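Peer 1: sequence plus the predicted model coming up.
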Number of protein chains: 2
Amino acid sequence: MPKEGFVNSITRQSEDFPGWYNDVVLKGELADYSPVRGCMIIRPYGYAIWESMQRELDAYIKATGHDNVYFPLFVPKSLLEKEAEHVEGFNPQVAWVTHAGGKPLDEWLAIRPTSEAIIADSVKDWIQSYRDLPLKMNIWNNVVRWELRTRLFLRTTEFLWQEAHTFHATKQEAEEEVATGLEGYRQVSEEWLAIPVIEGRKTDSEKFPGADFTWCIEAMMRDKKALQAGTSHMLGQNFARAADIEFLDTDNVRKHPFGTSWGFSTRMVGATIMAHGDDSGLVLPPNVAPVQVVIVPIFRKDEEKAAVAEAIDKFQAALAETPEGKAVRVKVDWRDDSPGFKYNHWELRGVPFRLEIGPRDVAAGQGMLVKRVDRSKEPVPLMQLAAELPARLRTYQAELLQRARDFQAENTHKVDTYQELKDGMEAEGGFYMAPWCGDAKCEKQVNEETGITIRCIPFDSPAEAGKCIVCDGPSERRVLFARAY
Amino acid sequence: MPKEGFVNSITRQSEDFPGWYNDVVLKGELADYSPVRGCMIIRPYGYAIWESMQRELDAYIKATGHDNVYFPLFVPKSLLEKEAEHVEGFNPQVAWVTHAGGKPLDEWLAIRPTSEAIIADSVKDWIQSYRDLPLKMNIWNNVVRWELRTRLFLRTTEFLWQEAHTFHATKQEAEEEVATGLEGYRQVSEEWLAIPVIEGRKTDSEKFPGADFTWCIEAMMRDKKALQAGTSHMLGQNFARAADIEFLDTDNVRKHPFGTSWGFSTRMVGATIMAHGDDSGLVLPPNVAPVQVVIVPIFRKDEEKAAVAEAIDKFQAALAETPEGKAVRVKVDWRDDSPGFKYNHWELRGVPFRLEIGPRDVAAGQGMLVKRVDRSKEPVPLMQLAAELPARLRTYQAELLQRARDFQAENTHKVDTYQELKDGMEAEGGFYMAPWCGDAKCEKQVNEETGITIRCIPFDSPAEAGKCIVCDGPSERRVLFARAY
């Protein structure tokens, strides 16, 4: 048995990260290309991962007082154009319906790239008084942005997401809502997907078109590049003003409400792949793994098969005795294939634990437990394992988060000059905390010369007088530079 | 207190059914019109009802071995055109994307009216051998059909639904799958929405474009019209042949697989409204009601308010003591409005039970329980009610189903001549079981002359020699005639 595992049908992560990623997605059957340029097909294994994070985020969204709703797929051209920055930002990416029902349309309809414009126009009638606020809505839907270069899950012409839209009487309440949205994303990323994130504010050049400011979480992938994992926007009164939404406040004055919006998409499936995977494929956090434990029966003769089957039945019955044990997602792989084929199949798919049970194990009342993340093997008495499994899955989840935290810490560097940034990035990639004056010109120069972007101004970056790495101008704190997806 | 209830802000059901329906949907805040012609906004109360039926159906779909997946919104024109009947059926209703990313497209993209065409093309590579079958997939998504006349929930240009798509090695297995789909719809309709249905086969003129045959469930609304509540299609080898899908069977022969598809949509929210509602608005089955019990506190002075609040707290604490009680969806309406305003608000929204608690009730340790469906009032000791509430909700659910069954039975008639059908329909509406020869010409004549359609050939319609009501030709069994949504 090769120590490095069974999967050799995929490109090595260490040799060609993008090639590895595509192999994992396609050969792990998470997604596939479609006959439509830039649009993906999400296959059962990938969709189950999406559903798991969806459930988790949906519970947070509801618990924080938001109601699920639905708004139309189409945004009439005139509505999309009401908010000037917004249309400028999205127009180049819009897909247009021009004909329907056998006739050309009087007004073109945009396939929503996001729903701020149609929502602002629609809620006008619902918001009359301060009593109608806050209005806190959430939508699970599909959006379309015509992308030139697409990657499965990470950047697709059509993607699935959640977009929350809220309206508030005061600026302060809206700002608190921006934080509520971001906190949901942090929780799902760190506590569900085991992906540690850096919370911060986007620079003005990177904020959402039409927003006053944008908050985000950024995560480090195994190739040390950054991935923007969720954004939460303070829309101020911009869309309310453009759509003429006014409410009568407690002081009898008519005012525009303050808006927020925040979104989290199927690209997080891509993030989960890239944040934990290794040369053998996926490494899934137990919380999100469609299969948490795969049992591979090992036998030659029929009597052996019967004995192994009996041991597996007993193990599953013992597991089902507690509510927590019953909830463990176990799959027994009885297919007519070799054990090696099955190890390969489930390693590639990142199943946290593999339990091998053969005739000798049955005799000893045990099974061989193999941990996907470090391939450690341990013979464990089956009845003991049934009792311990929920705790072992929790430990695995925690270890995976810690491993990702350590990886991020090891690959985050402080630099004080542009040259150090360039040399460091060239030599080893990673995250770079460096001083910046706040000027968009300096930001743009770095991006144009190196492809590196300012991912965010992290909230936990302390005040520290310094000199901008580009222009030597005064900097108040370090910001996060990285290459990004 | 008017015996007929508190809601007089809506059109009476008995006077103008369509006007009543629109009032319930709009004033009950289930949905709203949008700035896009024919597209609706689903508001929180309506969406919660949809989510409830979605959860229920999703559980059935998964339990019967289907995996959730996602396929693109767009269907290239050339793909839509591969199956001849299919394109002919859907082409007039398609919305077309012709421009995207600032440029005209080389090939127009249809917004999916349904996904058979793109799925058949996509799965070609996944189905190589009999081992890859059956392939059983389900999608929750939005589809667009350009409708000329739209009604909220019932017929909208864009709607939400679930579409299952399956492929099988044998015709028999596919036929069994058509039944599996229909059975899911029957269960959700009858057991969750308390809507009794008639299962049957569509006539050839009413079957899905591209299918060999279509099965359906049909339900009677309170105005005695029919509503098609779900359809399950046997696609035979039609799409597989058009898309060139072949698998190597156990006998080493390459064959086309047999396909099925089945769908269930947001129109079922409209069905739930129309199957149970009355002059005062919605009457919701407890299973699907976002609020099952609304508590209206009644008080004048502050001491009274405190005493009422304490009684309510105790009641809720007692309810929370069992898992079943904890799951009851209770809302306490503490708004600064009159009890009458609140009664009106929640009656319109169809909440099954209203519990009024005032100072005199507190003194007696009781509350006044009002049942929405028949407005019966009953003083009940609060601790007793906490223990009984789950059972009372189950009884309410069962009674609502029985009421709908009785209503359907009372309004279903046997007729033997065309004149009887016309006279009966004119006089009192309803469902009519009548002999038909099976000829599409007779079916068309009835439809053109009266607007009445054959809803289905019910499975439980026994063999019975008779004469077609149109042409006197031989009929093997009665079929279901009705006016329909």
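Peer 2: Nice, I can see it.
Peer 1: contact partners of stretch A:120-136?
Peer 2: Residues from elsewhere that reach stretch A:120-136, judged by C-beta atoms under 8 Å, 6 or more residues apart in numbering or on different chains: A:64-67, A:71, A:79, A:82-83, A:164, A:166-169, A:173, A:177, A:239-240, A:242-250, A:257, A:259, B:32, B:34-35, B:41. In this view, the C-beta of every residue, glycine as well, is placed from N, C-alpha and C.
Peer 1: can I have the buried ones of the residues you listed as a PyMOL selection?
Peer 2: Command for PyMOL that selects the buried part of those, burial taken from 16 or more other C-beta atoms under 10 Å in any protein chain shown:
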select buried, (chain A and resi 66+67+71+79+82+83+164+166+167+168+169+173+177+239+240+242+243+245+246+247+257+259) or (chain B and resi 32+34+35+41)
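Peer 1: among the contacts of stretch A:120-136, which ones are in strands?
Peer 2: A:Asp67, A:Ala164, A:Thr166, A:Phe167, A:His168, A:Phe247, A:Leu248, A:Gly259, B:Asp32, B:Ile41 (DSSP state E).
Peer 1: isn't A:Arg222 right up against A:Trp20?
Peer 2: No. A:Arg222 is beyond contact range of A:Trp20, at 9.1 Å (criterion: C-beta atoms under 8 Å).
Peer 1: what about the two, which has more around it?
Peer 2: Between A:Arg222 and A:Trp20, counted using other C-beta atoms under 10 Å in any protein chain shown, A:Trp20 has the larger neighbour count: 23 against 20.
Peer 1: point out where chain A drops to low pLDDT.
Peer 2: Applying pLDDT under 70 to chain A flags the ranges A:1-6.
Peer 1: find residues that contact each of A:Arg222 and A:Trp20.
Peer 2: By the contact definition C-beta under 8 Å, 6+ apart, A:Arg222 and A:Trp20 are jointly contacted by A:Gln13, A:Gly277.
Peer 1: dump the residue contacts of the one residue in the stretch 201-350 of chain A that gets nearest to chain B.
Peer 2: Among the residues of the stretch 201-350 of chain A, A:Thr266 lies closest to chain B, at 8.3 Å counting by C-beta to the nearest C-beta. Shown in contact with A:Thr266 (C-beta under 8 Å, 6+ apart): A:Ile42, A:Trp50, A:Phe153, A:Thr156, A:Phe159, A:Leu160, A:Trp161.
Peer 1: also near chain B: which of those residues, exactly?
Peer 2: A:Ile42, A:Leu160 (C-beta under 8 Å from any C-beta of the partner chain).
Peer 1: in strands only, show me the contacts of A:Thr266.
Peer 2: Counting by DSSP E, these contribute A:Ile42, A:Phe159, A:Leu160, A:Trp161 to strands.
Peer 1: top of these by neighbour count?
Peer 2: Going by other C-beta under 10 Å, A:Ile42 tops the ones in strands among the contacts of A:Thr266 with 27 neighbours.
Peer 1: do I have it right that that residue meets B:Val69?
Peer 2: Yes. Using C-beta under 8 Å, A:Ile42 makes contact with B:Val69 at a distance of 5.8 Å.
Peer 1: test my guess that A:Ala164 contacts A:Asn141.
Peer 2: No. A:Ala164 is beyond contact range of A:Asn141, at 11.7 Å (criterion: C-beta under 8 Å).
Peer 1: next helix or strand past the longest helix seen in chain A?
Peer 2: Ranked by number of residues, the top helix in chain A under DSSP state H is helix A:382-410. Helices and strands here follow DSSP states H and E; after helix A:382-410, the next one along the chain is strand A:412-414.
Peer 1: and the contacts of that following strand?
Peer 2: A:Met220, A:Gly424, A:Gly430, A:Phe431, A:Tyr432, A:Met433, A:Ala434, A:Arg478.
Peer 1: dump those residues into TSV; add neighbour count and secondary structure as well.
Peer 2: Converted to TSV, the contacts of strand A:412-414 look like this (neighbours: other C-beta atoms under 10 Å in any protein chain shown; DSSP: H, G, I helix; E, B strand; the rest coil):
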residue	neighbour count	secondary structure
A:Met220	28	strand
A:Gly424	18	helix
A:Gly430	21	coil
A:Phe431	23	strand
A:Tyr432	24	strand
A:Met433	20	strand
A:Ala434	25	strand
A:Arg478	22	strand
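Peer 1: what is the nearest of those to B:Ala318?
Peer 2: A:Met220 (50.7 Å; C-beta to C-beta).
Peer 1: so what pairs up with that closest one in the strands?
Peer 2: Here A:Met220 sits in beta bridges with A:Ala226, as judged by DSSP bridges.
Peer 1: swap in A:Phe264?
Peer 2: A:Gln162.
Peer 1: distance of it from B:Thr231?
Peer 2: Going from A:Phe264 to B:Thr231 by C-beta to C-beta, to the nearest Å gives 34 Å.
Peer 1: cool, and A:Pro35?
Peer 2: Separation of A:Pro35 from B:Thr231 (C-beta to C-beta): 26 Å.
Peer 1: what's the closest residue to A:Thr157 other than its chain neighbours in contact with, if anything?
Peer 2: Among residues not flanking A:Thr157 along the chain, A:Gly38 sits closest, at 3.3 Å (C-beta to C-beta, 6 or more residues apart in numbering or on different chains). By C-beta under 8 Å, 6+ apart, the contact list for A:Gly38 reads A:Trp146, A:Glu147, A:Thr150, A:Thr156, A:Thr157, A:Glu158.
Peer 1: just give me the neighbour total for the first one.
Peer 2: A:Trp146 is flanked by 23 other residues according to other C-beta under 10 Å.
Peer 1: how about A:Ala219?
Peer 2: A:Ala219 - counted by other C-beta under 10 Å - has 26 other residues nearby.
Peer 1: list the contacts of it.
Peer 2: A:Ser189, A:Ile195, A:Pro196, A:Val197, A:Ile198, A:Ala226, A:Leu227, A:Ala229, A:Ala271, A:Ala275, A:Gln408.
Peer 1: now render those residues as JSON lines, adding neighbour count.
Peer 2: Compiled in JSON lines, the contacts of A:Ala219 are given as follows (neighbours: other C-beta atoms under 10 Å in any protein chain shown):
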{"residue": "A:Ser189", "neighbour count": "25"}
{"residue": "A:Ile195", "neighbour count": "28"}
{"residue": "A:Pro196", "neighbour count": "21"}
{"residue": "A:Val197", "neighbour count": "26"}
{"residue": "A:Ile198", "neighbour count": "24"}
{"residue": "A:Ala226", "neighbour count": "22"}
{"residue": "A:Leu227", "neighbour count": "22"}
{"residue": "A:Ala229", "neighbour count": "25"}
{"residue": "A:Ala271", "neighbour count": "25"}
{"residue": "A:Ala275", "neighbour count": "28"}
{"residue": "A:Gln408", "neighbour count": "20"}
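Peer 1: redo these as CSV? Include secondary structure and distance to B:Gly46.
Peer 2: Shown next, in CSV, are these (DSSP: H, G, I helix; E, B strand; the rest coil; distance: C-beta to C-beta, whole Å):
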residue, secondary structure, distance to B:Gly46
A:Ser189, helix, 31
A:Ile195, coil, 35
A:Pro196, coil, 39
A:Val197, coil, 35
A:Ile198, strand, 39
A:Ala226, strand, 40
A:Leu227, strand, 36
A:Ala229, strand, 32
A:Ala271, helix, 33
A:Ala275, helix, 38
A:Gln408, helix, 43
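Peer 1: and of the residues you listed, the nearest to B:Val328?
Peer 2: When the contacts of A:Ala219 are compared against B:Val328 (criterion: C-beta to C-beta), the nearest one is A:Ser189, at 34.0 Å.
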